[in-house]
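[1] Build me a model:
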Amino acid sequence: MSWSRTCTRVRDAEALHPAHEQEIADLVVKAREAGRRVRVRGANHSVPSSVAGPGDIVIVLDRLKQLEYDAASGEVTAGAGVRLGI
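    Residues are numbered from 1 along each chain as shown. A predicted model of the protein is given here:
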């Protein structure tokens, strides 16, 4: 059970770790064609197996670690897999 006691752990989901946005788009299309549900998980911030049910595809964003800094604007763009402070 998750920390909030709202989800039961399910270990029958398929976890995939794409490294680029196009891979995510391709996975979503393939899942839809196969009639499978897609769940998205960040970089291990939540209970890993509590986000999906049997047969679901879990897209884990931990490999999306792009980090860009624009010196002119002072803005930083961080990928979904970037862990801050670690």
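
[2] Show me the helices in this structure, by range?
    Counting by DSSP state H, the chain has these helices, from start to end: 21-33.

[3] where in it is pLDDT low?
    1-11, 43-51, 86 (pLDDT under 70).

[4] Name the residues of stretch 52-66 that are buried.
    52, 56-64 (16 or more other Cβ atoms under 10 Å). Any C-beta I mention is one placed from the backbone N, CA and C, and that applies to glycine too.

[5] burial of the closest residue to residue 68 other than its chain neighbours, as a residue count?
    Nearest residue to residue 68, sequence neighbours excluded (Cβ to Cβ, 6 or more residues apart in numbering): residue 77, at 4.6 Å. If you count neighbours by other Cβ atoms under 10 Å, residue 77 ends up with 10.

[6] quick revisit: export the buried residues of stretch 52-66 as CSV, with columns for distance to residue 23.
    As requested, the buried residues of stretch 52-66 are exported to CSV (distance: Cβ to Cβ, whole Å):
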residue, distance to residue 23
52, 18
56, 18
57, 12
58, 14
59, 9
60, 12
61, 11
62, 13
63, 9
64, 9
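
[7] which ones among those residues are found in strands?
    Using DSSP state E, the members of these that fall in strands are 57-60.

[8] Out of those residues, which is nearest to residue 36?
    residue 57 (5.4 Å; Cβ to Cβ).

[9] tell me the contacts of that closest one?
    Listed by Cβ atoms under 8 Å, 6 or more residues apart in numbering, the contact partners of residue 57 are 13-14, 16, 27, 31, 36-39.

[10] List only buried entries from these.
    So, of the contacts of residue 57, 13, 16, 27, 31, 38-39 end up buried under the neighbour-count rule (16+ other Cβ under 10 Å).

[11] okay if I get those as a markdown table plus distance to residue 68?
    Converted to a markdown table, these look like this (distance: Cβ to Cβ, whole Å):
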| residue | distance to residue 68 |
| --- | --- |
| 13 | 31 |
| 16 | 24 |
| 27 | 24 |
| 31 | 29 |
| 38 | 27 |
| 39 | 27 |
